[in-house]
Structure formats: structure tokens, C-alpha cells
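Chemist: need a 3D model of the sequence below.
(chains A and B)
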Amino acid sequence: MIAYKYDFVPAGEQALHIAFPEQIDVSENQLIQELAQQLQSRFIYEITDIVPAYRTLTISFDIRKTTYYEFSSKLKVFLTHYVPDTKNDHGRIFEVPVCYDPEFGIDLEDVAAFGNISVEELIKLHSANNYFIYMMGFLPGFAFMGNVPDRIAMPRLSAPRASIAPGSVAIAGKQAGMYPVDSPGGWRILGRTPITLYTPNNPLPPFQAGDWIKFSQIDRTDYSAIKELDAHGEYQLKIISE
Amino acid sequence: MPHIEIINSGLAATIQDLGRTGHQAKGIPVSGAIDQYSHRLANILVNNSEKSATLEFSILGPTIEFNVETFIAITGGDSAPILNDSNISLNTTYPVKKGDILAFHPMKSGRFGYIAFAGNGLQVEPILGSRSTNTRLNLGGYHGRALAKGDCLTIDNCYQMPSLANRSLPWSKPTGNSIRFIKGPQWNLFSESAKQVFKDGPFTISTQADRMGFRLDGPTLEIPQKNMLSEGAVLGNIQITRAGQPIVLLADRQTAGGYPVIATIIGADLGKFVQFASNSPLLFEEVSLKKATAALRSQYRFLGELADSIYQKRYQYPIGPIRKTSKKIEEMIFNS
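Modeler: This next block holds a predicted model:
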């Protein structure tokens, strides 16, 4: 039994969304992540790709092997009889080092003013939380995470910046994220991680949707040291718990 | 090592295949040929698997010198190819040998062209199971970038081409100005008037058109008040931006998007859409999901039957160059 209502929505003749209630909710999203893995192995013949997002699971299938009508009715049968995995480990927690130096955290002052707290308190609040990864994308290595404590949940800039440095650690309202590559963006930048989040020769990120991220504060010296290690492939992200 | 050398880069020449599928959950875009029909057709004509990597280019094809003996076929837009100073036909397989030069005139119609090379296509190291290039992410293909003068790309020698005389298909410019769509996931979020404006059009492809997506010019659509959470983006999805302007998501699209999707261009019409001229007005025509499915399946069937018919004619006269060993012996004698 699945505890949430869901609908099938065609997204093309070779793709459909399974749409769950429209909310940002950890346990709903954990079910979506779990289903993404289960469906991919159960329907390996039909499925070409799968994208778990906040409240949707987008499934692409091969029209030469099935049709929307046939496949969605198969899915319906599968989901009706689906028993959620109670032993689900609910993700790993990755510790990501962040340097909150003002040179990196260009929006620290503004966000602290928004929360009416000091920059030190802001850093403490931001790094105290475990952030759940709801989805990966729109870029490789970009993790959409939540939830940022209400006090510091400052909305995004009204006009996005043209360029944001790779590794920038940022928030947008209750969402948290890290920029894997230089890209435009309107999120509020609090710091920078020395970890390379995207390399073309090894493009898969170490973490995935369903995992958790904890930010740990480091200083400039640590930042340079970790960056050096990471550049030689000798830095391993710490996994706090399995 | 057998290879081709790029003498002149042309425009946006990249290595493409059917895309890097299966990794979107980690944010990796699919990429691959923007006109998959033309990519598949080119591969069939040179006896390749549909997954073989082809060379995709836009508007102006590259100039290539062959340092290999193989067969090529060119498909897609009317790229006016020239082999050693003679015009050659599109959708037709030609033998090429060492020293041959392939060049192009600017396209007379269409936007994207494909060159397939027999012997399983362009040989670069696949990344995550695909050779396709995403230049924005420096990912895949030849060092993650568009091809440039002086690049040498490995391809295998290929001496056999069964049924060579039958490897040709008449080329014709796509006709009509309608592009078929099915209702998108957010169709019902749009007002009746917005839906009508979308169906009435007409739209043209703007100058902001690349492998990621084509922005369309035309009437502005009223946008839904409701904000939505980002969800998986699908090939051919038509998003409506906050300014009420449609963007069609294509090969290099991001894996997820947060703009409402009013419609999806049907798979069977995507090839026609990406080859559309910028100044000709296009109209969107609604079809049912059933029709969309049938249309794409019939396109696949057409390609499958073409491959079968070529194969079945392999012992008919004239028999193509299939005497592999004699060719090799000849090469050994003349190269020693």
C-alpha cells in the first residue's frame, strides 16, 4: 500500500510523470526515490530513463517495446500491490566542508540582516542542519536540498547574477544547493566548498537524491589544503552514517 | 591509425549518438543527435548500428580529409556535400579512400546535418555509455567540445558494403508548416485564451535556438498564476516562460525544469521541427496520444523495413564491395 495519492500524466508519447501530492515532504520524496530504484529494475525492458523530482517521478520508456496505455496499466498494477520497504536505510549523510570566508560568501551580510542575527549565528544555523536531497539536476552534481531554517530562508535575488563560481554553497528561500559548474543563478551565496562537484571525465556526483548533506565549517587554510588534496583525487567525502 | 582530419571546422560540428540515457537521476543531461531520425537513417545507410556515433553539424558542414578507406552517408538538412570537387547526393552511401576530401556548401534548407561513417562510426571513448558531446558541460565526444581545424578522429577501415547500389533514398524537403503536439502535463493550468493563442500561432524559431532548446517568437501567452515545483524535463516539452514565450526542450536540455509545460511535440515531428527555417511560420496542431504513438512507431517501422530491404538485396546484382580478404591482400602488396 502506498500512503499517497498519485496520478499518471503523459509527458510525451514516450514519457509519463507519476505525480504525487504537490508538497515538499521528506517521506513522500523518500518513497519517490525508493520507487525510482524499484521500477528501474522491475521494468528494465521498457524503461530508458527515470527522473525522481520533488513530487514527481518521470519515466521514459521505449515506444518500440510498449505504449503509454499498456505501460501505465502495468505500473498501476505494480503500485497497487507495492509494499514500501520498511528497512529502507533512508540515505547516507555526507559531510561537505564549507569555507564561509566573506570573499566566498558574498551574501552572508545580507542573509544575516534578513534573519536579524550575526554572521556567526547565521553560519552556525546553516551548518547545524542536515539537508535532505530531494532531487539532482538541473545540472550534473546540483543537489536541490531542504529545508533551510525559516529564520535565514531569504528569497532569491530578483535579478540573477551572470556568473557564480563552482563550489558556491547557497540558499534560495527554504532550498539549499551547491553550484557544480560556473553558471548564472539567483541564489544567496553563503560560502564555498573546495570539493570538485563536477568533472567531465567522471561526471557522476558521489551523492544522490535521497541522501543527506551536512555542511562543516572550515577556514581558509583547510580550504586550500582540501582543494589541493581533491585536485589529486585524494580527498574522500566523509560519510557520517550509512 | 585510420582516421579523418578536420581541415575546416564548419559550424557546431560535434560527435553525437542516441544520447547518454539512464543518468538523468544524477542530473546528467541526455544529449545525443538533435534530429534522431536523420542520425538513425545515416547509420542504416552505411550498415551501422543505430547507436554508432555520427558527426552532427549545423548550417555549414566541416571539410574533412580521409585517411581511411570506408563508406559515408550524409543526411539531415540540404547541406550540399561535395566529394573531391563533385556534388554528391544526400541519403546515399559513397565509398571514400585515403586522400579524399569532403566539403559542404552552406545549407540550402534545414539546420542540422549528419555524416555517418561505416565500420561503427566515430571511435572516441564513451563516457557513461555514450559518445555524444555536451559542449556546455565539456562532456563526452572529442574532448567535450565542438570539432576544430586539425582534429584527427579515429575511425576503422571498412572494405565491405553489401548491397551498395541499394543504399540510397530520395531526399526531399519536409513539407507543410504544421507541427503536431499532444497536451502537456500543465495544459490544464493554462487559461482557455492561452490555449487558443497557442493553437492559433503562428510561431517562428527565434535566433535563440541551440541544442538545448529553441525559443519561439510569436504571440505571447497568458501564464498561469500558480508556481510549480521543478519536475523531470522530457524531449520535445514546450515550456512557457514567465514572459509568456514558448521554449521547446531539445537534446541538451537540463534534466529538470520549473516552467509549466503546455504541450509536447510528438516524437515523429521532432526531426521536422529542428530542421525548420527561421523565417517560416509554424503552426501547432493537436493530436491524440494514440496518434502520436502510431506516428512514431510507423517512423521506426519505416527505418526497420529500409534496413531489411537493403539487407535482402545483398546478393542481387550489382553486388557491393564485399571481397574483404582480396582488398586486404591488395593493400598489403601496395603498402609494402
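
Chemist: closest residue of the stretch 201-336 of chain B to chain A?
Modeler: When you check the stretch 201-336 of chain B against chain A by Cβ to the nearest Cβ, the closest residue turns out to be residue B:232, at 2.7 Å. C-beta here means a position set from N, CA and C on the backbone, and glycine is covered the same way.

Chemist: just checking, that residue touches residue A:55?
Modeler: No. If you go by Cβ atoms under 8 Å, residue B:232 and residue A:55 don't touch, sitting 11.1 Å apart.

Chemist: quick check: closest non-adjacent residue to the residue of the stretch 201-336 of chain B closest to chain A.
Modeler: With sequence-adjacent residues excluded and distances taken as Cβ to Cβ, 6 or more residues apart in numbering or on different chains, residue B:232 is closest to residue A:58, at 2.7 Å.

Chemist: can you confirm residue B:318 is in a strand?
Modeler: No. Under DSSP: H, G, I helix; E, B strand; the rest coil, residue B:318 falls outside any strand and is assigned coil.

Chemist: contacting residues for it?
Modeler: Under the criterion of Cβ atoms under 8 Å, 6 or more residues apart in numbering or on different chains, the contact list for residue B:318 reads B:164, B:165.

Chemist: try 10 Å this time
Modeler: The contact partners of residue B:318, taken as Cβ atoms under 10 Å, 6 or more residues apart in numbering or on different chains, are B:163, B:164, B:165, B:166.

Chemist: which non-adjacent residue is nearest the residue nearest to the spatial centre of chain B?
Modeler: Most central in chain B under Cα atoms, centre = their mean is residue B:35, positioned 3.0 Å from the mean C-alpha point. Using Cβ to Cβ, 6+ apart and skipping the chain neighbours, the partner closest in space to residue B:35 is residue B:271 (4.6 Å).

Chemist: just give me the longest helix of chain B.
Modeler: Taking DSSP state H as the criterion, chain B has its longest helix at helix B:289-312.

Chemist: and the pLDDT at the residue in chain A positioned nearest to chain B?
Modeler: The minimum distance from chain A to chain B, using Cβ to the nearest Cβ, falls at residue A:58 (2.7 Å). Per-residue confidence for residue A:58 comes out at a pLDDT of 98.

Chemist: then the one 5 residues further on?
Modeler: Looking at residue A:63, its pLDDT reads 97.

Chemist: which residues does it contact?
Modeler: Remark: with contacts taken as Cβ under 10 Å, 6+ apart, residue A:63 is in contact with A:12-15, A:46, A:48, A:71, B:267-268, B:292-297, B:299-300.

Chemist: same question, residue A:170
Modeler: Residue A:170 sits next to A:105-107, A:111, A:156, A:164, A:176-179, A:185-192 when contact means Cβ under 10 Å, 6+ apart.

Chemist: ok so, going back, report how many residues lie close to the residue of the stretch 201-336 of chain B closest to chain A.
Modeler: Residue B:232 has 27 neighbours, counted by other Cβ atoms under 10 Å in any protein chain shown.

Chemist: please report how far it lies from residue B:224.
Modeler: Here the criterion is Cβ to Cβ, to the nearest Å. By it, residue B:232 lies 19 Å from residue B:224.

Chemist: so how far is stretch B:115-132 off the chain centroid?
Modeler: Here stretch B:115-132 shows a centroid-to-chain-centroid distance of 14 Å under the convention Cα atoms, centre = their mean, to the nearest Å.

Chemist: then that stretch to CSV, C-alphas only?
Modeler: Provided in CSV are the C-alpha atoms of stretch B:115-132 (Å, rounded to 0.1, in the frame of the first residue of the first chain):
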residue,chain,number,x,y,z
ILE,B,115,27.7,12.2,-41.6
ALA,B,116,27.8,8.5,-40.8
PHE,B,117,31.0,6.5,-41.2
ALA,B,118,30.8,2.8,-41.9
GLY,B,119,32.6,0.4,-39.6
ASN,B,120,30.7,1.6,-36.4
GLY,B,121,31.2,5.3,-36.7
LEU,B,122,33.5,7.7,-34.9
GLN,B,123,35.6,6.0,-32.3
VAL,B,124,36.0,8.0,-29.1
GLU,B,125,35.9,6.7,-25.6
PRO,B,126,32.3,6.5,-24.4
ILE,B,127,31.5,8.3,-21.1
LEU,B,128,28.6,6.8,-19.2
GLY,B,129,27.8,4.6,-22.2
SER,B,130,27.6,7.4,-24.8
ARG,B,131,29.9,9.2,-27.2
SER,B,132,27.6,12.2,-27.5
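
Chemist: what residues sit buried inside it?
Modeler: B:115-124, B:127-128, B:130-132 (16 or more other Cβ atoms under 10 Å in any protein chain shown).

Chemist: what about that stretch, near chain A?
Modeler: Yes. Contact check for stretch B:115-132 against chain A, using Cβ under 10 Å from any Cβ of the partner chain: residues in range are B:125, B:127, B:128.

Chemist: ok, back up a step: among the contacts of residue A:170, which lie within helices?
Modeler: Among the contacts of residue A:170, the ones falling in helices (DSSP H) are residue A:111.

Chemist: buried among the contacts of residue A:170? Need that as a selection in PyMOL.
Modeler: For anyone working in PyMOL, the buried entries among the contacts of residue A:170, judged by 16+ other Cβ under 10 Å, can be selected with:
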select buried, chain A and resi 105+106+107+111+164+176+177+178+179+185+187+188+189+190+191+192
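
Chemist: between helix B:289-312 and whichever strand or helix holds residue A:74, find me the angle.
Modeler: Element membership for residue A:74, per DSSP states H and E: helix A:68-80. For helix A:68-80 against helix B:289-312, the angle by axes from the mean of the first three to the mean of the last three Cα atoms, to 10 degrees is 110 degrees.

Chemist: do helix A:68-80 and chain B meet?
Modeler: Yes. If you take Cβ under 10 Å from any Cβ as the test, helix A:68-80 does meet chain B, through A:68, A:69, A:70.

Chemist: neighbour-wise, which of those residues leads?
Modeler: That'd be residue A:68 among the residues of helix A:68-80 next to chain B, by other Cβ under 10 Å, with 22 neighbours.

Chemist: report the contact partners of that residue.
Modeler: Taking Cβ under 10 Å, 6+ apart as the definition, contacts of residue A:68 comprise A:8, A:10-16, A:61, B:182, B:289-290, B:292-293.

Chemist: ok, 7 Å please
Modeler: Residue A:68 makes contact with A:10, A:13, A:16, B:289, B:293 under the criterion Cβ atoms under 7 Å, 6 or more residues apart in numbering or on different chains.

Chemist: now the residue nearest to residue B:232: which helix or strand?
Modeler: Short version: residue A:58 belongs to strand A:56-61, going by DSSP H and E.

Chemist: residues making contact with the helix of greatest length in chain A?
Modeler: In terms of residue count, the longest helix belonging to chain A (DSSP H) is helix A:26-42. The list of residues contacting helix A:26-42 from outside it, by Cβ under 7 Å, 6+ apart, reads A:2, A:4, A:20-21, A:47, A:50, A:52, A:54-55, A:57, A:59, A:78, A:84-85, A:88, A:90, A:132, A:134, A:209-210, B:25.
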